[in-house]
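Asker: Next input, structure requested:
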Amino acid sequence: MSEVVRRRVEVRGRVQGVFFRETTRREAARHGVTGWVRNRPDGTVEAVFEGDPDSVDALVAWTRHGPRSARVEAVAVFPEPPEGLERFTVR
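Answerer: Okay, here's the model as predicted:
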């Protein structure tokens with residue numbers, strides 16, 4: 001079995017109300033990444049990505065611009081131990 005990594009990201013900017021979560025879900029499916037994404041009360045989007053390192057890195061890179069109508073100002077990335085998530089969900 002290949003290596004599995006996990007990254008938690010916090011995305012700041014105009015990232016709520018611009019289909020960020022749904023587009024992230026689609027991108028995760030395209031890359032075969034599991035995890036979740038949610039809006040936070042402070043206006044940021046938080047997501048967890050688990051999968052092979054290249055796929056997770058591609059998804060993290062995508063969050064730096066997000067969907068067309070988003071304006072990403074900053075992305076913080078935190079490595080975490082994988083939990084073995086089985087699917088990607090929007091919370």
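Asker: what residues does stretch 82-91 touch?
Answerer: Stretch 82-91 has contacts (Cβ atoms under 8 Å, 6 or more residues apart in numbering) with 4-6, 21-22, 24-25, 28-29, 33-38, 48, 50. Backbone N, C-alpha and C define where each C-beta goes, glycine included.
Asker: just so I have it, where are all the helices in this structure?
Answerer: Taking DSSP state H, the helices of the chain run over residues 20-31, 53-63.
Asker: Output those helices in a markdown table, with mean neighbour count and mean pLDDT appended to each entry.
Answerer: Listed next are those as a markdown table, based on neighbours: other Cβ atoms under 10 Å; pLDDT from 0 to 100:
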| stretch | mean neighbour count | mean pLDDT |
| --- | --- | --- |
| helix 20-31 | 18 | 97 |
| helix 53-63 | 17 | 98 |
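Asker: Take those and write them to CSV, including distance to Pro79.
Answerer: Listed next are these as CSV, based on distance: least, Cβ to Cβ, whole Å:
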stretch, distance to Pro79
helix 20-31, 18
helix 53-63, 10
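Asker: Excluding chain neighbours, what is closest to Val4?
Answerer: Sequence neighbours aside, Pro82 is the residue nearest to Val4 in space, at 4.7 Å (criterion: Cβ to Cβ, 6 or more residues apart in numbering).
Asker: Report the beta-bridge partners for the residue positioned nearest the centre of the chain.
Answerer: Closest to where the C-alpha atoms of the chain average out (Cα atoms, centre = their mean) is Ala47, at 4.2 Å. Assessed by DSSP bridges, Ala47 has beta-bridge partners Val9, Val37.
Asker: Pretty sure it sits against Thr34.
Answerer: No. Counting by Cβ atoms under 8 Å, Ala47 stays clear of Thr34, with 11.3 Å between them.
Asker: rewinding a little: now the residue nearest to Val4: phi and psi?
Answerer: Pro82 adopts backbone torsions of phi -60, psi 150, taken as degrees, to the nearest 10.
Asker: ok, so what distance separates the nearest residue to Glu22 once chain neighbours are set aside from Arg26?
Answerer: Leaving aside its chain neighbours, Glu22 sits nearest to Val90 (6.6 Å; criterion: Cβ to Cβ, 6+ apart). Val90 is 10 Å from Arg26, where distance means Cβ to Cβ, to the nearest Å.
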